[in-house]
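*Asks:* Give me a model of this one.
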Amino acid sequence: MNSHLCYEPTPEYQLKIRSLLEKYKYRLDTNYAKIDRIVHPEIESFKIKVLDANVHGLRIGSWSKVLSSDNADVLGEYFMKYLSIK
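*Replies:* Residues are numbered from 1 along each chain as shown. Below you'll find the model as predicted:
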């Protein structure tokens, strides 16, 4: 594995990711759940700005929905279209 932080589609890298996810439980929604409990117009504005930011041709809010999908066909379609990953 490279010494720099970079995604690698190798089986070894995927095993390492799975190992870390099993060892350290992480809830993706945690930070937004905390932010949602705070009623403040500037925080809402920040959240909207982040979710509307474009990454590889798709809004972050849309990527969030795609990545949380259990449908492998949907994931494959988006990865191919927006990231050129087959």
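
*Asks:* Which of the three states applies to the closest residue to residue 75 other than its chain neighbours?
*Replies:* Once flanking residues are discounted, residue 75 sits nearest to residue 69: 6.0 Å by Cβ to Cβ, 6 or more residues apart in numbering. (C-beta placed from N, C-alpha, C; glycine too.) Following DSSP: H, G, I helix; E, B strand; the rest coil, residue 69 is assigned to coil.

*Asks:* Give me the neighbour count for residue 69.
*Replies:* For residue 69, the count of nearby residues is 11 (other Cβ atoms under 10 Å).

*Asks:* Could you tell me how far residue 80 is located from residue 68?
*Replies:* 18 Å (Cβ to Cβ, to the nearest Å).

*Asks:* mind listing what's buried in the helix or strand bottoming out on mean pLDDT in the chain?
*Replies:* Least confident element among the helices and strands of the chain, by mean pLDDT, DSSP states H and E: helix 30-36 (a mean of 74). Residues of helix 30-36 classed as buried by neighbour count (16 or more other Cβ atoms under 10 Å): none.

*Asks:* Same check on stretch 75-86?
*Replies:* Buried, per 16+ other Cβ under 10 Å, within stretch 75-86: residue 78.

*Asks:* Need the contact partners of it.
*Replies:* Residues outside stretch 75-86 that contact it (Cβ atoms under 8 Å, 6 or more residues apart in numbering): 9, 56, 57, 58, 66, 67, 69.

*Asks:* burial of residue 20, as a residue count?
*Replies:* Counted with other Cβ under 10 Å, residues neighbouring residue 20 total 10.

*Asks:* One more: residue 47?
*Replies:* Neighbourhood size, residue 47 [other Cβ under 10 Å]: 14.

*Asks:* Double-check it against residue 35; I have them as touching.
*Replies:* Yes. Using Cβ atoms under 8 Å, residue 47 is in contact with residue 35, at 6.1 Å.

*Asks:* circling back: what pLDDT is listed against the residue nearest to residue 75?
*Replies:* Looking at residue 69, its pLDDT stands at 84.

*Asks:* do the same with the one 3 residues further on
*Replies:* The confidence metric pLDDT takes the value 88 at residue 72.
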